[in-house]
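Visitor: got a predicted model here, sequence first, then my questions.
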Amino acid sequence: MGRLDGAGCRPGDGPAVENHYTSHYLAEILRNLYFEESTGVLEVRSSDDRLSRLYFDRGMLYFAEGNDPEDQLDAALESTGLLPTVTLAKMRKLGAAPLDFASRLISGKILSREELAPCLRSLVQRAVVRAFSWPSGAWSFSEQEAVAGVLDTDILFTFECILKGITSMSHFGPLKEVLLRLPGKVRLGQRTFVPVHMLALRPHHGFVLSRVDGSLRLDEISQLMPAGEEDESLAFLYGLAVLGLVEFDPPANEGLFSLREVMQEYNEAHARERKEVELIEQTAKRFHGLRSPHEVLGISVESGLDEIQRAYDRLRAAFKKERFSQRVREKHKKDLAQIESRLAESFMRLQVTRLEKSAYAPQGTPEQPLASIDPEDLMVRREMLKSEAQATQEQNVKLGEQYFSKARDAFIEKDYHNCIQFCRQSLKYQGEVAEVYALMAESLLKNPNHRWQRMAEEALARASELDPWNPEHWVALGLFYRSRGLDHRARRHFERALEIQPTHSVATVQLKACTS
């Protein structure tokens, strides 16, 4: 999408100066003439030399003409049948300017103002619409006295013409993209000087206005419109914003809405988003072709844990979702999820490799801490419709289950040290789970060190608290106490197991042994 061009200087005092314009800014030119209460002629010329002249009296439209035959007063009169052909021919021979022509018709009582008014209003509206239909061109404003008595000036008519022109604007696509990015919510202006309900509105305009209550942005209102009416509705709201009838909260700029003032910010944001998209797409494509976790993290196979941690932290920070604009996050949500998934997966695989190669810890030796993964970053293929909290919770549970699976494998291989480490990681991510505590206790019991035995007792007790209706946890805790000669305490736990499952064979045998 190309950049929108500026509208040039504001109309003001002095001789006419030609300025460049695009259809997107014409509304602001007309708006400025109204609020400055300008009297004179606005000449709008297209790039292929088509012309529309709009006449203002204290900022309000009252006459128009153009170099297209359909935009001439005599042609409009002829099409309406207000004057006989003979009369029109005589008037043409006089060679009067169109505005003088209209004045003579009224002063000569050939037509009354009331009879001529519909024709003049149609002429003005057609000239405004035609000017908006040109993508770009030049404009100039010349001050000159208004011709009195031709058409009563009317604020509502002036605003309706501008709105009609805006809703028929050419090349609306670039403006639409800017409007949909505006962050403010729209509401009716607090100082509305024109009764909006008196404007000549189409049926769906009423629905659009009902949504302008300060609770929705333009893009949100657009999504509520039926297919085929989004662009026209957005253009209508843009026109109301330009005319000061609708305002943004927070304001898009100081004073009346000005597209020129928001364009610089838009272009900067657009360029920034383009770089963000390029980074995401290139990284996702590169990760797709990589197999080694070292390649994903950009480190060598000899890298130590500290270097692995630094590489992961750096990449994690680079692709943190908050780093990207909301639009990019939403549009490339899947790519970002895949990137973060590959980073987390690669980091975890390197952790597992380190643990699998580590030696069994000697008795009394503190366990070496594992590098940590931020659970908020483990977004493995999130479902698009789930909330952030739900998605994060589900990914934590999945990661916890993966660590528990590794713990079971380590226990089977009698790698009790790594089993304990994996159990702790599982508890960290999925929360307290009875069977994880039970497995960790079994591994802790393999080490006769008093501190490890104490931790085993705590793990068994916690398992029985979390899953009190599982007799196996009570039996395991009873066996722990009986092995230490605490038969009275062990008996209570065997009895508890038999209350849950009266036929439990181990509990039955052990209870008899305790009471014999």
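Guide: Nice, I can see it.
Visitor: I'd like to know how many residues surround residue 81.
Guide: 8 (other C-beta atoms under 10 Å). (C-beta placed from N, C-alpha, C; glycine too.)
Visitor: residues touching it, list them.
Guide: Residue 81 makes no contacts at all, as judged by C-beta atoms under 8 Å, 6 or more residues apart in numbering.
Visitor: also residue 72?
Guide: Taking C-beta under 8 Å, 6+ apart, we find residue 72 in contact with 65-66, 98.
Visitor: what's the closest of these to residue 419?
Guide: Residue 419 lies nearest to residue 66 out of these, by C-beta to C-beta, at 86.6 Å.
Visitor: any idea how many residues pack against that closest one?
Guide: Close neighbours of residue 66, defined as other C-beta under 10 Å, add up to 22.
Visitor: ok, it touching residue 53?
Guide: Yes - counting by C-beta atoms under 8 Å, residue 66 does reach residue 53; the two are 6.7 Å apart.
Visitor: mutual contacts of these two, please.
Guide: Applying C-beta under 8 Å, 6+ apart, one finds that residue 66 and residue 53 are jointly contacted by residue 127.
Visitor: which residue, other than its chain neighbours, is closest to residue 187?
Guide: residue 214 (3.6 Å; C-beta to C-beta, 6 or more residues apart in numbering).
Visitor: what's the answer for residue 470, then?
Guide: residue 434 (6.7 Å).
Visitor: any idea of the mean pLDDT for the host helix or strand of the residue nearest to residue 187?
Guide: Assigned by DSSP states H and E, residue 214 belongs to strand 213-217. Confidence for strand 213-217, expressed as mean pLDDT, is 89.
Visitor: residues making contact with the helix or strand harbouring residue 512?
Guide: Secondary structure from DSSP H and E places residue 512 in helix 505-515. With contacts defined as C-beta under 8 Å, 6+ apart, helix 505-515 is touched by 471, 474-475, 478-479, 482, 487-488, 490-491, 494-495, 497-498, 501.
Visitor: ditto for stretch 484-491
Guide: Contacting residues not belonging to stretch 484-491 are listed as 478-482, 510-511, 514-515 [C-beta under 8 Å, 6+ apart].
Visitor: with stretch 431-443 instead?
Guide: Here stretch 431-443 makes contact (C-beta under 8 Å, 6+ apart) with 396, 400, 404, 407-408, 411, 416-417, 419-420, 423-424, 426-427, 430, 456-457, 459-460, 462-464, 466-467, 470, 472-473, 476.
Visitor: list the contacts for residue 248?
Guide: 182, 184-186, 241, 257.
Visitor: now, which of those residues lie within helices?
Guide: Mapping these onto helices (DSSP state H) picks out residue 241.
Visitor: what's the most distant pair in the contacts of residue 248?
Guide: Using C-beta to C-beta, the pair of those lying farthest apart is 185 and 257, separated by 14.0 Å.
Visitor: quick one, domains of the protein?
Guide: Residue ranges for the domains of the chain, per automatic domain parsing: 19-167, 173-257, 267-393, 450-516.
Visitor: pretty sure residue 232 sits against residue 169.
Guide: No - using C-beta under 8 Å, residue 232 is not in contact with residue 169; the gap is 9.9 Å.
Visitor: got the contact list for the closest residue to residue 188 other than its chain neighbours?
Guide: Distance criterion C-beta to C-beta, 6+ apart; nearest residue to residue 188, sequence neighbours excluded, is residue 212 at 5.7 Å. Residue 212 makes contact with 186-188, 221, 237, 240, 246, according to C-beta under 8 Å, 6+ apart.
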